[in-house]
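[1] The following comprises the amino acid sequence and a computationally predicted model.
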Amino acid sequence: MQAATQLDAAFLAMADPTRRAILARLAKGEATVAELAKPFNITQPSVSQHLKVLEDAGLILSRIDGTKRPRRLARAGVEAMDEWLAMLRKALERNYDRLDQVLAGMEHTKRGAKK
Amino acid sequence: MSKLELKTEGDTHIVVTRRFAAPPESVYRAHTDPKLIQKWLLGPEGWTMPVCEVDARPGGKFRYEWKNAQGSGFHITGEYVELKPSSRIVHVERMWLPDPTPDNHVDTRFDKDGAGTLMTIRMTLPDEKTRAGMLATGMAGGMEASYVRLEGLIPFGATA
């Protein structure tokens, strides 16, 4: 249940284009709030807010470096999301594999009826 | 058989394509005949669809109910907007969890592709947030699944 709530938070965190851009930037390596604020042309408090959402969703981690708190991607959070997506995709593919069989059965019946 | 393809379009659309060996008449029938739908639209292993009511005509309603061995379940209700036999189904649907999710507008086309069919499903959600939120619930059997990966939003494997 807790895992599901975390996933929910992760997907909702991903619904915002700025947060997706921040994640894409962090995928290239660790960055500070100032470094993240610059390319997005938004204020540091605004970046900090986005970072909090991402951190609560388990998608990023921070460490203390003097007065700075550089952020990086959280492997576990991102992988949990990835695994969930793979599972959903598999379920959908299974639907259509089953439909292939249903269709093959229909074609077989049709041919049988013509004889 | 070609694999399923799934991509996002703009902020609110999701497009799914899949090829089938059978002709469009059959694929269309498998999407509108409740006896056939119950055989394949089941999602992950262990789920069944005990209730499948389909009134396949413009303005007609449908209702799908799923259940697993543990007794949990959920359902989807929808209305048909347009039906062109063997070629197109336009409908609106929502999932009850137990509150309804925002309406998903779904346009499904069945095009002749050699001896088989190319199916294209185009979904439209009310907004970007809804599209993302649907991912976490696996609505519509996980059709929105590859949102993150497909858009290349995070290069998975590149984590620190």
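    Yep, it's here.

[2] residue boundaries of the helices in chain B?
    B:24-32, B:34-40, B:128-137, B:139-142, B:147-150 (DSSP state H).

[3] hey, least reliable of these by pLDDT?
    Mean pLDDT values for the helices of chain B show the minimum at helix B:147-150, a mean of 32.

[4] Verify the contact between A:Leu92 and B:Leu4 for me.
    Yes. With contacts defined as CB atoms under 8 Å, A:Leu92 counts as touching B:Leu4 at a distance of 6.5 Å. For every residue, glycine as well, the C-beta is placed using N, CA and C.

[5] Give me the neighbour count for B:Leu118.
    17 (other CB atoms under 10 Å in any protein chain shown).

[6] pretty sure it is touching B:Thr17, no?
    Yes. Shown here, B:Leu118 and B:Thr17 form a contact pair, counting by CB under 8 Å, at 6.7 Å.

[7] Need the residues touching each of A:Leu92 and B:Leu4.
    In terms of CB atoms under 8 Å, 6 or more residues apart in numbering or on different chains, A:Leu92 and B:Leu4 are both contacted by the residues B:Val16.

[8] who has more neighbours, the two?
    A:Leu92 (24 against 19).

[9] The more buried one: which element?
    Assigned by DSSP states H and E, A:Leu92 falls within helix A:75-114.

[10] and that helix, how far out from the chain's middle?
    22 Å (CA atoms, centre = their mean, to the nearest Å).

[11] same deal with stretch B:51-70?
    Using CA atoms, centre = their mean, the offset of stretch B:51-70 from its chain centre is 13 Å.

[12] buried stuff in it?
    Under the neighbour-count criterion of 16 or more other CB atoms under 10 Å in any protein chain shown, stretch B:51-70 has B:Cys52, B:Val54, B:Ala56, B:Phe62, B:Arg63, B:Tyr64, B:Glu65, B:Trp66, B:Lys67 buried.

[13] and if you look at stretch B:73-84?
    Across stretch B:73-84, burial judged by 16+ other CB under 10 Å covers B:Phe74, B:His75, B:Ile76, B:Thr77, B:Gly78, B:Glu79, B:Tyr80, B:Leu83.

[14] got the contact list for it?
    Looking at stretch B:73-84 with CB under 8 Å, 6+ apart, the contacting residues turn out to be B:32, B:51, B:55-67, B:88-97, B:100, B:140.

[15] Can you tell me which of the residues you listed end up in strands?
    Judged by DSSP state E, those include B:51, B:61-67, B:88-96 as members of strands.

[16] Of those residues, which are in range of chain A?
    Filtering the ones in strands among the contacts of stretch B:73-84 for proximity to chain A by CB under 8 Å from any CB of the partner chain leaves nothing.
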